[in-house]
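In: sequence and predicted structure below; questions after.
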Amino acid sequence: MGLRVVLFSRVPRWYSFRGEQLATRLAAAGHEVAGVVVERVPTIASFREWIFKLGLVLVVKKSLAKGLRLLGLKKSAPIKAADPAVTGPAVSPPVFLVDSHNSPASVEIVRKLRPDVIVLRGCGIIKKPILEIPTKGTINPHYALLPAFRGMDVTEWAALLGAPVAVSVHYVDEGVDTGAVLTERRIPVELGDTLGGLRDKSAAAAVDLLVEVVRLLEAGTTRPVSHQKGEGRQYFVMHPRLRQLANERLRRAR
């Protein structure tokens with residue numbers, strides 16, 4: 001039967017989720033993407049964040065490719081589900097705009113959507129009134145190993161400190177990346193990689209892992225690994241100079 005999934009995201013109100021990779025993969029795997037709840041953010045702030053994390057060249061390249069697909073001038077590759085034999089067409093989930101994911105309006109929307117699981121895709125802290133709604137929990141892709149690297153800019157901090165670059169999918173609780181870990185995957189660092197390139201690789205891996213975890217949630221076969229309160233370290237926004245040092249470390253590691 002599949003699960004009812006609601007996605008949470010923070011993007012400008014004009015951003016299109018038509019053909020969004022995760023939603024399309026989930027639908028192809030037999031789940032129902034009931035909607036995307038979007039916390040509106042200013043366009044300029046979004047582009048600044050994307051450029052800061054990915055770099056200007058990669059942002060322009062990805063924006064052009066997305067624009068061409070939406071205009072029908074570039075065909076999307078077939079989307080494969082968890083079962084390689086299954087493919088599905090691009091989907092256009094309904095989008096609900098809110099001022100805050102934790103607002104009463106957002107809580108009301110999510111309750112009406114009746115999700116089995118909420119999947120976070122770039123959000124702030126989600127509070128208890130939302131977390132209590134999905135029957136199978138809320139999950140989040142975190143771009144580092146947990147609990148070692150909690151918090152923000154963790155791909156960059158891992159690269160700077162010479163630690164493995166990775167993606168973890170974990171249950172969301174009211175703490176900062178403190179929920180039990182459901183799965184993880186290390187991201188290989190290769191010749192020519194930059195911080196932006198590693199984040200792009202991590203985003204692709206996150207889609208794979210989220211689809212797999214939703215399948216396990218449906219089957220009831222997850223094996224969450226909890227960690228002790230205070231274990232690991234919480235990181236914060238990285239200074240541009242440290243980002244430069246992290247990129248230099250990547251170059252020296254080739």
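Out: On my side now, so go ahead.
In: so who does Val117 touch?
Out: Under the criterion of Cβ atoms under 8 Å, 6 or more residues apart in numbering, the neighbours of Val117 are Leu3, Arg4, Val5, Val6, Pro134, Thr135, Lys136, Gly137, Thr138, Ile139, Val214, Leu217. C-betas here are computed from N, CA, C, even on glycine.
In: the last one: how many residues sit nearby?
Out: Leu217 has 21 neighbouring residues, counting by other Cβ atoms under 10 Å.
In: how far off centre is the helix or strand harbouring it?
Out: Secondary structure assigned from DSSP states H and E places Leu217 in helix 195-219. Shown here is helix 195-219, whose average C-alpha point lies 7 Å from the average C-alpha point of the whole chain (Cα atoms, centre = their mean, to the nearest Å).
In: which SSE is immediately downstream of it?
Out: Counting by DSSP H and E, the next helix or strand C-terminal to helix 195-219 is strand 233-235.
In: circling back: need the contacts of Val117 in a markdown table (columns: pLDDT and distance to Arg121).
Out: As requested, the contacts of Val117 are exported to a markdown table (pLDDT from 0 to 100; distance: Cβ to Cβ, whole Å):
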| residue | pLDDT | distance to Arg121 |
| --- | --- | --- |
| Leu3 | 98 | 16 |
| Arg4 | 98 | 17 |
| Val5 | 98 | 11 |
| Val6 | 98 | 11 |
| Pro134 | 98 | 15 |
| Thr135 | 98 | 20 |
| Lys136 | 98 | 17 |
| Gly137 | 98 | 16 |
| Thr138 | 98 | 12 |
| Ile139 | 98 | 10 |
| Val214 | 98 | 13 |
| Leu217 | 98 | 17 |
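In: need the buried ones from these selected in PyMOL.
Out: The following PyMOL line selects those of the contacts of Val117 that are buried, judged by 16 or more other Cβ atoms under 10 Å:
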select buried, resi 3+4+5+6+134+136+137+138+139+214+217
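In: now flag whichever of the contacts of Val117 is closest to Ala23.
Out: Looking at those and their distance to Ala23, the nearest is Val5, at 8.2 Å (Cβ to Cβ).
In: from Asp177, how far off is the closest one?
Out: Summarising the geometry, the distance separating Val5 from Asp177, computed by Cβ to Cβ, to the nearest Å, is 21 Å.
In: just checking, which of the contacts of Val117 belong to helices?
Out: Within the contacts of Val117, residues falling in helices by DSSP state H are Val214, Leu217.
In: looking at the contacts of Val117, which is nearest Pro224?
Out: Lowest distance from Pro224 to the contacts of Val117 (Cβ to Cβ) belongs to Gly137, with 9.3 Å.
In: OK, contacts around the closest one?
Out: The contact partners of Gly137, taken as Cβ under 8 Å, 6+ apart, are Val117, Ile118, Leu131, Tyr171, Val172, Leu217.
In: cool, Val167 as well?
Out: Listed by Cβ under 8 Å, 6+ apart, the contact partners of Val167 are Pro141, His142, Tyr143, Ala144, Glu184, Arg185, Ile187, Ser202, Ala205, Ala206, Leu209.
In: buried subset of those residues, written for PyMOL?
Out: This is how PyMOL selects the buried members of the contacts of Val167, with burial counted by 16+ other Cβ under 10 Å:
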select buried, resi 141+142+143+144+184+187+202+205+206+209
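In: could I get the contacts of Val167 as JSON lines with distance to Phe236 and pLDDT?
Out: Shown next, in JSON lines, are the contacts of Val167 (distance: Cβ to Cβ, whole Å; pLDDT from 0 to 100):
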{"residue": "Pro141", "distance to Phe236": "19", "pLDDT": "98"}
{"residue": "His142", "distance to Phe236": "15", "pLDDT": "98"}
{"residue": "Tyr143", "distance to Phe236": "15", "pLDDT": "98"}
{"residue": "Ala144", "distance to Phe236": "13", "pLDDT": "98"}
{"residue": "Glu184", "distance to Phe236": "22", "pLDDT": "98"}
{"residue": "Arg185", "distance to Phe236": "24", "pLDDT": "98"}
{"residue": "Ile187", "distance to Phe236": "22", "pLDDT": "98"}
{"residue": "Ser202", "distance to Phe236": "19", "pLDDT": "98"}
{"residue": "Ala205", "distance to Phe236": "24", "pLDDT": "98"}
{"residue": "Ala206", "distance to Phe236": "21", "pLDDT": "98"}
{"residue": "Leu209", "distance to Phe236": "25", "pLDDT": "98"}
